[in-house]
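One predicted model, sequence on top.
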Amino acid sequence: MKKVFVFSAFGMLIAFFGFCVSPLAAQQSIKINFASSLFGPTHGISKMHEEFIGELEKRTSGGIKVTYHPAGTFIAPPQMYDSIVKGIIDVGESACGYTRGRFPLTEVFDFPLGFGDAGTAVNLTRIQNAYYEKFRPKEFEDVKLLLLFGQQSQILHTKKPVRTLEEYKGLRIRAAGTAAQVPPLFGAVAISVPATETYDVLRKGAADGILIPPEALKGYRLGEVVKYTTRNYSSCGGASFFLAMSKKKWESLPPDIQKTIEEVSKEFHVKYGQRWDDIDREGMEFAKSLGNEIITLSPEEDKRWAALARPLVDDYVKRMKEKDLPGDKVVEFIETFKQRK
């Protein structure tokens with residue numbers, strides 16, 4: 001009888017503590033593979049991915065275990081979205097512009113939107129996520145979108161000073177994706193060169209400049225092969241990056257894990273934007289430390305450049321109308337959002 005009582009009491013204790021453990025902590029860790037297609041292990045955004053992952057693992061009390069693959073170790077940018085859709089990777093990051101035509105409505109954020117100095121990555125990231133919540137574009141229906149982040153900082157960096165349109169004309173400018181449509185508007189020539197070859201192309205003089213965010217001045221050490229940065233924020237393009245999970249993986253997760261992932265993703269929107277602003281600032285400081293000159297356009301010149309860039313947005317609206325997509329409403333939404341303080 002005594003042995004029966006001891007074992008019964010022991011069993012009750014196990015049951016009691018079993019009920020006290022949260023569902024997140026009680027389950028075995030669910031393994032998730034996360035790949036970046038653009039940012040290597042030392043890049044600021046790659047470090048932000050690691051912080052995001054750490055917060056997910058912490059908030060799920062070990063309910064998920066994420067293995068992170070920085071850029072260059074798994075999947076290239078053009079293949080990333082399809083790899084997520086097919087479940088080759090559980091969570092992936094890339095830029096919408098690397099899969100041209102796949103994200104027709106969202107590509108508006110690649111074009112010059114005329115933000116000027118207000119075009120910080122924090123502001124663009126807020127707008128992009130607000131845009132997604134409002135319009136729920138069908139182009140993301142085959143994945144679970146976790147968050148968007150972006151910038152409007154694809155400004156001009158050159159070997160010779162560019163303060164006027166006249167000095168811009170005739171230059172050979174490396175520009176990728178949608179940004180390749182920008183130089184011809186200013187009478188320049190767009191050159192398509194892989195990012196990994198850009199440093200040598202500029203060093204050898206095969207290109208006169210590049211359209212790219214300032215973070216690349218330090219991150220890719222481009223500040224060593226250009227001498228001038230023109231702050232043409234009113235006429236520069238940008239980018240929209242996505243973090244997405246395969247639908248199959250998402251639907252296999254318990255509801256409490258899903259809820260936590262959504263909460264953390266929402267909290268990290270602005271953190272991604274702030275990190276981009278930080279590395280852009282670091283890039284500018286690196287360039288200045290090398291003796292490079294940062295050029296601010298005169299108000300009159302800034303308006304001339306912005307007027308020449310605007311047709312890209314107008315053309316976007318026209319093309320979206322032909323696809324029966326609300327491009328005009330999206331542009332109106334962005335313009336309204338820009339006015340908020």
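Received it, and whenever you're ready, just let me know what you need.

isn't His269 right up against Asn129?
Yes. His269 is in contact with Asn129 according to C-beta atoms under 8 Å; the separation is 5.1 Å. No exception for glycine: its C-beta is placed from N, CA and C like everyone else's.

Name the residue closest to the centre of the protein, please.
Residue closest to the mean C-alpha point of the chain, counted by C-alpha atoms, centre = their mean, is Phe241 at 2.9 Å.

For the helix or strand hosting that residue, buried residues please.
Element membership for Phe241 (DSSP states H and E) is strand 237-246. Burial within strand 237-246, assessed by neighbour count using 16 or more other C-beta atoms under 10 Å, is assigned to Gly237, Gly238, Ala239, Ser240, Phe241, Phe242, Leu243, Ala244, Met245, Ser246.

What's opposite the third one in the beta bridge?
The residues listed as beta-bridge partners of Ala239 by DSSP bridges are Gln151.

Please tell me how far it sits from Ile212.
Summarising the geometry, the distance separating Ala239 from Ile212, computed by C-beta to C-beta, to the nearest Å, is 10 Å.

tell me, what's touching the two both at once?
For the pair Ala239 and Ile212, residues contacting each of them under the criterion C-beta atoms under 8 Å, 6 or more residues apart in numbering are Gln154.

For the closest residue to Gly44 other than its chain neighbours, what are phi and psi?
Using C-beta to C-beta, 6 or more residues apart in numbering and skipping the chain neighbours, the partner closest in space to Gly44 is Ile279 (4.0 Å). According to degrees, to the nearest 10, the main-chain angles of Ile279 amount to phi -70, psi -30.

wait, isn't Ile279 in contact with Ala216?
No. The pair formed by Ile279 and Ala216 falls short of the contact definition of C-beta under 8 Å, at 9.2 Å.

What segments of the stretch 101-250 of the chain are helices?
Remark: helices of the stretch 101-250 of the chain, listed N- to C-terminal, are 121-135, 165-168, 198-203, 215-219, 247-252; assignment by DSSP state H, counting those that start in this stretch.

Most tightly packed of those?
Per-residue neighbour counts averaged over each of those give the maximum for helix 215-219, namely a mean of 24 (mean count of other C-beta atoms under 10 Å).

residues making contact with that one?
43-44, 157, 210, 222-223, 226, 229, 276, 279-280, 282-287, 292.
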